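no FASTA, just this:
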């Protein structure tokens, strides 16, 4: 049985510039960015998530690069053209990207999360960025950083949650009413690392999760066509619902993708469509954002082989089969938004340390044709909460 139709979800890409990757902040090529954006709009995308390389934008705690700000503004102007029309999520403290670390030299050995001077510098950067772009018609919001758990491994979830809440509150102060988030990978959700799952589910404008069967280890356990590999996004969306303070909070599949390193290239388009449809079977999914827009130019060395062929487009803006498949899917979903599944049965998550075990139980039930919800132990004891979610049966 299905619920009433949901609003059409947003669809977009994590932008990977076809020329010069994100080194483009230093080697600027506006014409190629415009061509990229036109190609993405042609696939039906409505937003891009972009990456500021932190030391380029803030080479000193007290200095934000005027040249970098001007290029950011120009990029947003390019996204606002009539033939592009893309909203822009600005990811700020990057930080960490495609296997490379870009922490500013001035951080030295200080923690970006717990060092007061470092946090003051981060707030200053947000102030300056907001003054530049908060009023831009294509500004979607600030993302604190890309997968910050990777470069803050020694931070406790309590400290991580406090920091994220402080910076997200500041984002709302300097750019009120926008869509501000923390770009979490799978670790806070599945392993309660650096940021807690509860914090990830309740801070900012949406619960954000990055879903890679390969990097999360799910692919190795379930295989390329197993339930875990096909339904990881669905599980993480239900996990976010379980940890939310109130039912119905927006959830964003902010990164997902697949590389020929992990599965035959010809199978990627079918996997992509199945993964999206399965994720959208969970209610309140704000949007799905593929990684990435373009392949990485092979002349750029040093990337993990996994990273080079993740694009929907080649470096020459030729549409790859996965790009064509998703474009067709997006058009169909916009015409007829999917109906999320009604989930009357729920798996109980006894505590965050059991998340991966509960994930396996979720995938085994899916193999049997059952699509459960997930609830925390506290939620399982709250009759009014269960009633609001329509849950009538608990699975311990």
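Thanks, I have it. Bear in mind that the values here come from a model prediction, so they are computed numbers and not experimental data.

tell me which stretches of the stretch 101-250 of the chain form strands.
139-146, 181-183, 207-211 (DSSP state E, counting those that start in this stretch).

okay, now the closest residue to residue 95 other than its chain neighbours: neighbour count?
Nearest residue to residue 95, sequence neighbours excluded (C-beta to C-beta, 6 or more residues apart in numbering): residue 145, at 4.4 Å. All C-beta spots, glycine's among them, are computed from the backbone N, C-alpha and C. For residue 145, the neighbour count with other C-beta atoms under 10 Å is 27.

so which of the strands of the stretch 101-250 of the chain is nearest residue 223?
strand 207-211 (16.6 Å; C-beta to C-beta).

show me the beta-bridge partners of residue 53.
residue 94 (DSSP bridges).

and the residue nearest to residue 260 when sequence neighbours are not counted, what are its phi and psi?
Distances taken as C-beta to C-beta, 6+ apart put residue 309 closest to residue 260, at 5.4 Å, once the chain neighbours are dropped. Residue 309 adopts backbone torsions of phi -120, psi 40, taken as degrees, to the nearest 10.

next one, pLDDT for residue 309 please.
Residue 309 is assigned a predicted lDDT (pLDDT) of 98.

quick one: low-confidence ranges for this protein?
Across the chain, the ranges flagged by pLDDT under 70 are 1-6.

domains in it, as residue ranges please.
Domain segmentation of the chain under automatic domain parsing yields 10-341, 343-396.

show me what contacts the residue nearest to residue 260?
Neighbouring residues of residue 309 by C-beta atoms under 8 Å, 6 or more residues apart in numbering: 259-260, 265, 295.

what's the most buried one of the domains of the chain?
domain 10-341 (a mean of 19; mean count of other C-beta atoms under 10 Å).

chain center to that one: distance?
Centroid separation between domain 10-341 and its chain, computed with C-alpha atoms, centre = their mean, to the nearest Å, is 4 Å.

which parts of the stretch 151-300 of the chain are helices?
For the stretch 151-300 of the chain, the helices defined by DSSP state H, counting those that start in this stretch occupy 157-174, 186-191, 197-202, 213-216, 218-222, 227-243, 268-279.

by contact count, what packs against the fourth one?
Helix 213-216 sits against helix 186-191, helix 227-243, with contacts defined as 3 or more C-beta pairs under 8 Å, 6 or more residues apart in numbering; DSSP states H and E.

to residue 356, which of those lies closest?
Nearest of the helices and strands packed on helix 213-216 (C-beta to C-beta): helix 186-191, 5.7 Å.

helices and strands around that closest one, which ones?
Contact analysis of helix 186-191 by 3+ C-beta pairs under 8 Å, 6+ apart lists helix 197-202, strand 207-211, helix 213-216, helix 227-243, helix 355-367 as its packing neighbours.

again, 10 Å this time
Applying 3 or more C-beta pairs under 10 Å, 6 or more residues apart in numbering; DSSP states H and E, we find helix 186-191 packed against helix 157-174, helix 197-202, strand 207-211, helix 213-216, helix 227-243, helix 355-367.

any chance of those in TSV with distance to residue 91 as columns?
Putting the helices and strands packed on helix 186-191 into TSV (distance: least, C-beta to C-beta, whole Å) gives the following:
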stretch	distance to residue 91
helix 157-174	12
helix 197-202	16
strand 207-211	11
helix 213-216	18
helix 227-243	19
helix 355-367	25
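
and the ones you listed: which comes nearest residue 376?
When these are ranked by proximity to residue 376 (C-beta to C-beta), helix 227-243 comes first, at 5.4 Å.

tell me the angle that closest one makes with helix 268-279.
For helix 227-243 against helix 268-279, the angle by axes from the mean of the first three to the mean of the last three C-alpha atoms, to 10 degrees is 30 degrees.

what's the angle from helix 227-243 to helix 355-367?
Using the same axes, to 10 degrees: helix 227-243 against helix 355-367 is 120 degrees.

what angle sits between helix 227-243 and strand 207-211?
Using the same axes, to 10 degrees: helix 227-243 against strand 207-211 is 170 degrees.

which residues does residue 104 contact?
53-61, 93, 95, 112, 118, 121, 125 (C-beta atoms under 10 Å, 6 or more residues apart in numbering).

and if you look at residue 240?
189, 197, 200-202, 206-209, 249-253, 282, 284-285, 374.

now residue 170
119, 122-123, 126-127, 130, 142, 144, 180.

now the residues you listed as CSV including distance to residue 390?
Formatted as CSV, the contacts of residue 170 follow (distance: C-beta to C-beta, whole Å):
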residue, distance to residue 390
119, 42
122, 41
123, 42
126, 39
127, 44
130, 40
142, 34
144, 33
180, 30
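
and which of the residues you listed is nearest to residue 364?
For these, the nearest to residue 364 is residue 144 (35.0 Å; C-beta to C-beta).

which residue sits closest to the closest one, ignoring its sequence neighbours?
Per C-beta to C-beta, 6+ apart, closest to residue 144 is residue 182, 4.7 Å.

the one you found against residue 196, yeah?
No. Applying C-beta atoms under 10 Å as the test, residue 182 and residue 196 come out as separate, 11.6 Å apart.
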